[in-house]
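Enquirer: sequence unknown, structure follows:
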């Protein structure tokens with residue numbers, strides 16, 4: 001489980017983690033929250049809010065087996081009930097590190113699809129840039 005908290009710390013340092021209810025809500029409304037996580041001891045109201053942030057979107061919301069204090073400590077805060085990972089690869093790594101393959105299978109498959117689409121998009125952009133560079137200097141007849 002410590003590996004999962006490491007991924008949260010890494011995401012925080014990389015600027016790929018939104019912390020707290022308002023920033024998570026803003027990221028979800030903007031469609032940037034790949035994975036919204038709620039602490040195991042988050043209130044029912046917080047859990048309902050988290051689920052409403054992602055309702056009707058392809059963003060994922062899960063309750064994780066860490067307390068608010070454990071989450072807070074992982075990201076340099078006193079306490080944290082709600083967070084959102086904005087990078088699909090980090091979100092997938094975090095879910096895999098939770099080591100709950102049966103309980104989170106659908107969520108992992110959805111994130112794997114997002115990661116694959118992102119990798120394909122990057123390849124297409126790279127090929128496009130290469131084609132544009134090769135096209136420079138050649139005049140059409």
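Expert: Yep, it's here. Because the structure is predicted, anything quoted here is derived from the model rather than measured.

Enquirer: center of this protein - which residue?
Expert: When CA atoms, centre = their mean is applied to the chain, the residue found nearest the centroid is residue 85 (3.0 Å).

Enquirer: what are the phi and psi values at that one?
Expert: phi -90, psi 130 (degrees, to the nearest 10).

Enquirer: wait, it sits on residue 11?
Expert: Yes: applying CB atoms under 8 Å as the test, residue 85 and residue 11 come out as touching, 5.5 Å apart. Yep, even glycine has a C-beta here, placed from its N, CA and C like the rest.

Enquirer: who touches both of those two?
Expert: Counting by CB atoms under 8 Å, 6 or more residues apart in numbering, the contacts common to residue 85 and residue 11 are 17, 94.

Enquirer: what helix or strand does the closest residue in space to residue 74 that isn't next to it in sequence sit in?
Expert: The shortest distance from residue 74 to any non-neighbouring residue, by CB to CB, 6 or more residues apart in numbering, is to residue 5 (4.0 Å). Here residue 5, judged by DSSP states H and E, is contained in helix 2-13.

Enquirer: please enumerate the helices of the protein.
Expert: 2-13, 21-29, 44-54, 68-75, 88-97, 105-135 (DSSP state H).

Enquirer: between these, which one is closest to residue 35.
Expert: Judged by CB to CB, the one of the helices of the chain that comes nearest to residue 35 is helix 88-97, at 3.7 Å.

Enquirer: the residue nearest to residue 67 when sequence neighbours are not counted: neighbour count?
Expert: Of all residues not flanking residue 67 in the chain, residue 41 sits nearest, at 5.0 Å (CB to CB, 6+ apart). For residue 41, the neighbour count with other CB atoms under 10 Å is 15.

Enquirer: quick check: pLDDT value at residue 41.
Expert: We have a pLDDT of 95 for residue 41.

Enquirer: quick one, what contacts it?
Expert: 67, 68, 81.

Enquirer: so how far is residue 72 from it?
Expert: 11 Å (CB to CB, to the nearest Å).

Enquirer: same question for residue 90.
Expert: Taking CB to CB, one finds residue 90 at 19 Å from residue 72.

Enquirer: can you pick out the residue with more neighbours from those two?
Expert: Neighbour count, other CB under 10 Å: between residue 90 and residue 72, residue 90 has more, with 21 against 18.
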